[in-house]
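Q: Here is a sequence with its predicted model. Questions after.
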Amino acid sequence: MYLHIGQNEILPDRRIIGIFDLDKCSYGKRTREYLAAAEQEGVVLDISGEIPKSFVVCDHPYHRQIVYLSQLNSTTLQKRAESAGLEL
């Protein structure tokens, strides 16, 4: 199965580690540190095209993890995943 996370980006479900609300999670110190380190490593892909509302952490064959910034709300992504039969 696949999950469409916006802007013509589709991810295989087996690669998805988690979907997070950027507004709620960005207040935490560890989340900010994680996102800053991921950006410094060059593994953050901003596919939002505007202000991102969520981020999706995925396993990647060439990197430890990769982070996608999406313009879609985390609730919307969760509903899409559940409708596709994914368990997140």
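A: The structure has been received and is ready for your questions. Numbering: from 1, shown residues only.
Q: mind checking how far stretch 5-21 is from the chain centre?
A: Taking Cα atoms, centre = their mean, to the nearest Å, the mean C-alpha location of stretch 5-21 is offset from the chain mean by 6 Å.
Q: oh sorry, the question was meant for stretch 1-18
A: 9 Å.
Q: Now do it: everything it contacts.
A: 47-49, 56-60, 65, 68, 70-72, 77, 80-81, 84-86, 88 (Cβ atoms under 8 Å, 6 or more residues apart in numbering). (C-beta placed from N, C-alpha, C; glycine too.)
Q: Tell me, how many residues neighbour residue 54?
A: Residues near residue 54, counting by other Cβ atoms under 10 Å, number 25.
Q: How about the contacts made by the residue nearest to it when sequence neighbours are not counted?
A: Excluding its sequence neighbours, the residue lying closest to residue 54 (Cβ to Cβ, 6 or more residues apart in numbering) is residue 74, at 4.1 Å. With contact set as Cβ under 8 Å, 6+ apart, residue 74 has these partners: 19, 20, 21, 22, 53, 54.
Q: swap the cut-off to 6 Å and go again
A: 19, 21, 54 (Cβ atoms under 6 Å, 6 or more residues apart in numbering).
Q: For stretch 13-28, list every residue counted as buried.
A: 15, 16, 19, 20, 22, 25 (16 or more other Cβ atoms under 10 Å).
Q: And for stretch 43-52?
A: Buried residues in stretch 43-52 (16+ other Cβ under 10 Å): 43, 44, 45, 47, 48, 52.
Q: Same question for stretch 66-75.
A: Neighbour count says stretch 66-75 has 66, 67, 68, 69, 70, 71, 72, 74 buried, by 16+ other Cβ under 10 Å.
Q: so how many other residues sit close to residue 42?
A: Residues near residue 42, counting by other Cβ under 10 Å: 9.
Q: And it, its phi and psi?
A: phi 80, psi 30 (degrees, to the nearest 10).
Q: Distance of it relative to residue 80?
A: 27 Å (Cβ to Cβ, to the nearest Å).
Q: do residue 31 as well
A: 23 Å.
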